[in-house]
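[1] Here is the input, now give the coordinates:
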Amino acid sequence: MRSNCLLARFTGLFLVFVLYACKKQDASLQQVPSPAVAAVQVETVNGEVNVPLSWYTLELKLIRETPGFSPPVSARAIAYTGIALHEAVVGRSANAQTLGGQLNGLPPLPPPSKYKQYNWAIAANSALAYIIKQLFPNVSAANLQLINQLDSTNKVTYANNCSADVMARSVAYGEQVATLIYQWSLTDGGKDGYLNNFPADYIPPAGPGLWVPTPPAFQRAMLPYWGNNRTMLKPHWTDAVAYPPVAYSTDTASNFYKAARLVYQKGVAGTPAEKNIALYWADGAGTFTPPGHLIAIATQLIGDNQLSLSAAANLLAQVGISLNDGGIKCWKYKFHYNVLRPVTYIRSQIDSTWSPLIGTPPFPSYTSGHATFTSAAGNVMAAKFGSSYAFTDQQKVPEGFAPRSFSNFNQMIDEASISRVYGGIHYDFDSEFGKVTGKQVSDRVVLLKY
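    All right, here's what the predicted structure looks like:
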């Protein structure tokens, strides 16, 4: 049988590739184990995983630089990217399961042709190139050029000695799968979110304890209808609005006042370590956002653990789905309960001159997006690597932060969640119930068959 494509050393576009540089190696085409196998399998564990790593590196740049990619919108893009990747390579394994039919509204997807040879790295590359270009339709001309260049670079890098028919078949299959995934995405209610983060037709409810625009910008509410979007997980009893917040009160003996007082005290007398945690996890406007931070950690761990392309695709799909659905559920809670932000309460009840350490986002307080996103993705990664897996987050080093080490994923979840209290923009009950929501999502994500 034809030997598999030799993997050339990555000479690609992005400097980050040196972090995951592929080693030249020969990999022979495996024999078809049984007639049940959908396609001839090519298995090269080292090297080809750099295809998704390179695309996620670029996607994080696009999130930073493309207008409208707020945290929920970014989570949505990350999720569809991961699903397209998963479906492009699922056919390489006889035991792998397509997500078609498992996810909400996603029909069965076409399998690869039986007994035909595929270059799975090229199929993955073509799927990622297509889906990312569709998900970021308003990229700058310079970043569109980067998308096209990365597509070409990966094709050259991973196509040495491949016949023309294998290349064409692999490219066509990746694009076919990604096209169907993108068509599915068009009906979820969120495709134009990047164009209309602040809809003018939304009028927030008024009354004691309810959210109002916050200083200094006093922006309209961001994505007030996002909680109505279709989740990727099928409907479930946990989708019902539950876990009401602490009852609003201005009584100094009330739990609400005590929660606000804690935020105030952390703002006035927080330790240097607490302030550093708040700034580390801020991930505000112009950054890769909280969902981007978490998918960046996932890609780092893929490289650290030298996962295969298939294993990486499984993890990236799971983390993406958890981020997307966690964001939808969180925004559903936010605009159902419409809890006012700490800065509003503190200035009216405790100290009229107080300001939070970090900027208050323009949407209600309960529940915390950071806590939800981090709990959802962190628990997915814990299911993959183990509940006691220790790791060091290197993602903010380019921004001048020291790496942060964690003895397990729960420690990361707790730190990211409490960071918003330290930063002055969430009550502790926002974070605690956000963690519960995220865990509910992750528990369902990991039960899917991959």
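[2] Can you show me the helices along the stretch 151-300 of the chain?
    Taking DSSP state H, counting those that start in this stretch to define them, one finds helices in the stretch 151-300 of the chain at 164-185, 255-269, 272-280, 289-304.
[3] Format those helices as JSON lines; extra columns: distance to T157 and mean pLDDT.
    Where C-beta positions appear, they are placed from N, C-alpha and C, glycine not excepted. Below are these laid out as JSON lines (distance: least, CB to CB, whole Å; pLDDT from 0 to 100):
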{"stretch": "helix 164-185", "distance to T157": "13", "mean pLDDT": "98"}
{"stretch": "helix 255-269", "distance to T157": "49", "mean pLDDT": "98"}
{"stretch": "helix 272-280", "distance to T157": "34", "mean pLDDT": "98"}
{"stretch": "helix 289-304", "distance to T157": "17", "mean pLDDT": "98"}
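[4] Determine which stretch of the ones you listed is the most buried.
    helix 289-304 (a mean of 24; mean count of other CB atoms under 10 Å).
[5] Run through the strands of this structure in chain order.
    Using DSSP state E, the strands found in the chain span residues 391-393, 404-406.
[6] Looking at the helices of the stretch 151-300 of the chain, which is nearest to A217?
    helix 289-304 (17.9 Å; CB to CB).
[7] rewinding a little: for the strands of the chain, give me TSV that also has distance to P290, mean neighbour count and mean pLDDT.
    Listed next are the strands of the chain as TSV, based on distance: least, CB to CB, whole Å; neighbours: other CB atoms under 10 Å; pLDDT from 0 to 100:
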stretch	distance to P290	mean neighbour count	mean pLDDT
strand 391-393	13	18	98
strand 404-406	15	17	98
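[8] In CSV, list the ones you listed along with distance to G292.
    Output for the strands of the chain, formatted as CSV (distance: least, CB to CB, whole Å):
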stretch, distance to G292
strand 391-393, 13
strand 404-406, 16
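[9] Give the closest residue to S126 in space, chain neighbours not counted.
    Closest residue to S126 apart from its sequence neighbours, by CB to CB, 6 or more residues apart in numbering: G174 at 3.2 Å.
[10] repeat for W184
    Per CB to CB, 6+ apart, closest to W184 is L106, 5.3 Å.
[11] same deal with Y173?
    A123 (5.2 Å).
[12] Counting neighbours, what do you get for the one you found?
    31 (other CB atoms under 10 Å).
[13] do the one 4 residues further on as well
    Counted with other CB under 10 Å, the neighbours of A127 add up to 32.
[14] distance of it from I321?
    Using CB to CB, to the nearest Å, one obtains 16 Å as the distance from A127 to I321.
[15] who's in contact with the nearest residue to K234 once chain neighbours are set aside?
    Nearest residue to K234, sequence neighbours excluded (CB to CB, 6+ apart): N104, at 4.7 Å. Contact criterion CB atoms under 8 Å, 6 or more residues apart in numbering gives 230-235 as the residues in contact with N104.
[16] okay, A27: pLDDT?
    The confidence metric pLDDT takes the value 30 at A27.
[17] Begin at 105, not 1, for the rest of this chat.
    Fine by me, first position is 105 from now on; the one you just mentioned is A131.
[18] ok, now how distant is A351 from A321?
    Distance of A351 to A321, computed by CB to CB: 29 Å.
[19] And the protein, what are its domain boundaries?
    With domains defined by automatic domain parsing, the chain comprises 119-289, 305-549.
[20] model confidence over the longest helix along the chain, on average?
    For the chain, the helix that runs over the most residues, judged by DSSP state H, is helix 413-441. For helix 413-441, the mean per-residue pLDDT is 98.
[21] Give me the angle between it and helix 393-408.
    Interaxial angle, helix 413-441 versus helix 393-408 (axes from the mean of the first three to the mean of the last three CA atoms, to 10 degrees): 160 degrees.
[22] tally of neighbours for the residue nearest to F510 when sequence neighbours are not counted?
    Counting by CB to CB, 6+ apart, F510 lies nearest to M516, which is 4.5 Å off, once chain neighbours are set aside. Residue neighbour count, defined by other CB under 10 Å, stands at 24 for M516.
[23] so L383 makes contact with I462?
    Yes: counting by CB atoms under 8 Å, I462 is a contact partner of L383 at 7.0 Å.
[24] Which residues are in contact with each of those two?
    Taking CB under 8 Å, 6+ apart as the contact rule, L383 and I462 both touch G527.
[25] that older thread, the residue nearest to W288 against G204, yeah?
    Yes: contact status for L210 versus G204: in contact at 5.4 Å, counting by CB under 8 Å.
[26] can you list the weak-confidence ranges in the protein?
    Applying pLDDT under 70 to the chain flags residues 105-150.
[27] Could I get the contacting residues of K379?
    Contacts of K379 (CB under 8 Å, 6+ apart): 461, 526.
[28] For it, give its distance to A520.
    15 Å.
[29] so who does the closest residue in space to L427 that isn't next to it in sequence touch?
    Closest residue to L427 apart from its sequence neighbours, by CB to CB, 6+ apart: A179 at 4.0 Å. A179 is in contact with 393, 395, 424, 427-428, 430-431, 477, counting by CB under 8 Å, 6+ apart.
[30] want to throw those residues into CSV with distance to Y470?
    Below are these laid out as CSV (distance: CB to CB, whole Å):
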residue, distance to Y470
T393, 20
P395, 19
G424, 25
L427, 19
N428, 20
G430, 15
G431, 15
F477, 15
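[31] quick check, nearest of those to V153?
    The closest of the contacts of A179, once distances to V153 are taken by CB to CB, is G424, at 16.3 Å.
[32] Surely S523 is in contact with H474?
    Yes: between S523 and H474 there is a contact under CB under 8 Å: 6.7 Å.
[33] Show me the common contact partners of these two, please.
    Taking CB under 8 Å, 6+ apart as the contact rule, S523 and H474 both touch W385.
[34] Please say which of the two ends up with more neighbours.
    For S523 versus H474, neighbours defined as other CB under 10 Å are more numerous around H474 (31 against 28).
[35] Verify the stated contact: that one with I522.
    No: using CB under 8 Å, H474 makes no contact with I522, being 9.4 Å away.
[36] what's the overlap in contacts for these two?
    Listed as contacting both H474 and I522 by CB under 8 Å, 6+ apart are S535.
[37] How much space separates N514 from S479?
    The gap separating N514 from S479 is 9 Å, by CB to CB.
[38] Same drill for these two, tell me which one is more crowded.
    Legend: neighbour count by other CB under 10 Å for N514 and S479, higher for S479 (30 against 16).
[39] With adjacent residues omitted, what lies nearest to G528?
    Leaving aside its sequence neighbours, G528 sits nearest to P460 (CB to CB, 6+ apart; 2.7 Å).
[40] one step back: nearest to K295, out of the domains of the chain?
    When the domains of the chain are compared by CB to CB, domain 119-289 sits nearest K295, at 6.3 Å.
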